[in-house]
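Colleague: Just need the structure, nothing else, for what follows:
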Amino acid sequence: MRHEETILAGFGGQGVLFAGQLLSYAGMSEGLHVTWIPSYGPEMRGGTANCTVIVSEEEIGAPVVRNPTAAIVFNGPSMAKYEPLVKPGGVLLVNASLIETETHRTDLRAVYVPASYLAAELGNVRMANMILLGAFVELTGLVAIETVMAQLDEHLPQRRREWLEPNYTALAKGVALVQNVA
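Modeller: Next up is the predicted model:
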């Protein structure tokens with residue numbers, strides 16, 4: 001049964017909320033039950049930003065997640081806050097470009113992706129969110145990467161359309177990284 005309670009967390013401006021929205025839209029597109037709850041500090045850029053996404057084959061009783069089955073952490077403070085909360089057997093996906101520490105937990109699957117570095121190589125460090133989302137989708141099999149790409153096409157604002165193809169490339173890069181690790 002597909003059921004994932006995911007926290008995506010980082011600084012404002014890293015695309016954390018948009019990545020969570022795309023995951024939610026992909027789940028809805030595949031006929032799954034979905035919740036998406038954003039949370040962010042008062043700063044426009046550089047403050048905290050996180051969201052909780054639940055995607056499930058069954059109805060969702062409550063959108064609140066205390067112990068997620070997965071965490072995608074974009075920065076050090078998010079790693080410190082959410083790594084201890086991931087359920088045993090869960091997934092911890094780490095932006096290794098900005099987080100130098102590694103988990104000491106042996107009861108979860110930790111995957112380290114140099115997302116910011118790779119995004120900069122692709123032309124824009126802000127595509128790190130798509131690299132991490134692609135890696136997450138490949139790790140969990142929660143939704144199809146093609147569904148995420150279709151939702152990106154549908155929900156990318158008109159003023160950002162020039163980034164559609166580069167974001168497809170970033171998603172594919174995340175998928176390929178996980179395939180190479182496995």
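Colleague: Ramachandran coordinates for the residue nearest in space to the middle of the chain?
Modeller: The centroid of the chain falls nearest to residue 133 when counting by Cα atoms, centre = their mean (4.3 Å). Backbone dihedrals for residue 133, given as degrees, to the nearest 10, come out at phi -70, psi -40.
Colleague: By residue count, tell me the biggest helix in the chain.
Modeller: helix 164-181 (DSSP state H).
Colleague: can you give me how far it is from the chain middle?
Modeller: From the chain centre to the centre of helix 164-181 is a distance of 13 Å (Cα atoms, centre = their mean, to the nearest Å).
Colleague: rewinding a little: the residue nearest to the centre of the chain against residue 172, yeah?
Modeller: No. Counting by Cβ atoms under 8 Å, residue 133 sits too far from residue 172 to count as a contact (11.1 Å). Backbone N, C-alpha and C define where each C-beta goes, glycine included.
Colleague: Do a quick rundown of the helices in the chain.
Modeller: Using DSSP H, helices in the chain cover 16-29, 76-82, 115-122, 128-140, 145-155, 164-181.
Colleague: nearest to residue 103, of these?
Modeller: Among the helices of the chain, the nearest to residue 103 by Cβ to Cβ is helix 76-82 (8.0 Å).
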